[in-house]
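*Asks:* Prediction below, plus the sequence it came from.
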Amino acid sequence: MKNYEQNLEACFVCKKQIADNGWFCRLPQKTGEAAGVQAAEILLCSPSCAFRHFTNLENETTTHH
């Protein structure tokens, strides 16, 4: 029997598990200010989660001004 290991990650918005390359949208996110710091990725599983993510970003930006 073969061992099928998948790298399961979760959608940033709905927390649904995402199998390898099963994401809808992948966004880099800077994790630090130092040069050479690797970017973490935000994975989104669907167009609706992408819409919710960008709507939340827009609301955060407008309320902090």
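*Replies:* That came in fine, so what should we check first?
*Asks:* mind checking which helix or strand the residue nearest in space to the middle of the chain is in?
*Replies:* In the chain, the residue lying closest to the centroid (CA atoms, centre = their mean) is Ile42, at 1.9 Å. Applying DSSP states H and E as the criterion places Ile42 in strand 39-44.
*Asks:* What is that strand packed up against?
*Replies:* When contacts are defined as 3 or more CB pairs under 8 Å, 6 or more residues apart in numbering; DSSP states H and E, strand 39-44 packs onto strand 25-30, helix 47-63. Every C-beta, even on glycine, is put in place using the N, C-alpha and C of the backbone.
*Asks:* in that strand, what's buried?
*Replies:* Ile42, Leu43, Leu44 (16 or more other CB atoms under 10 Å).
*Asks:* outside of that strand, which residues touch it?
*Replies:* 9-13, 18, 23-31, 50, 53 (CB atoms under 8 Å, 6 or more residues apart in numbering).
*Asks:* repeat that for 6 Å
*Replies:* Strand 39-44 is contacted from outside by 9, 11-12, 18, 23-31, 50, 53, using CB atoms under 6 Å, 6 or more residues apart in numbering.
*Asks:* for this protein, which spans come out with low pLDDT?
*Replies:* Applying pLDDT under 70 to the chain flags residues 1-7, 30-39, 64-65.
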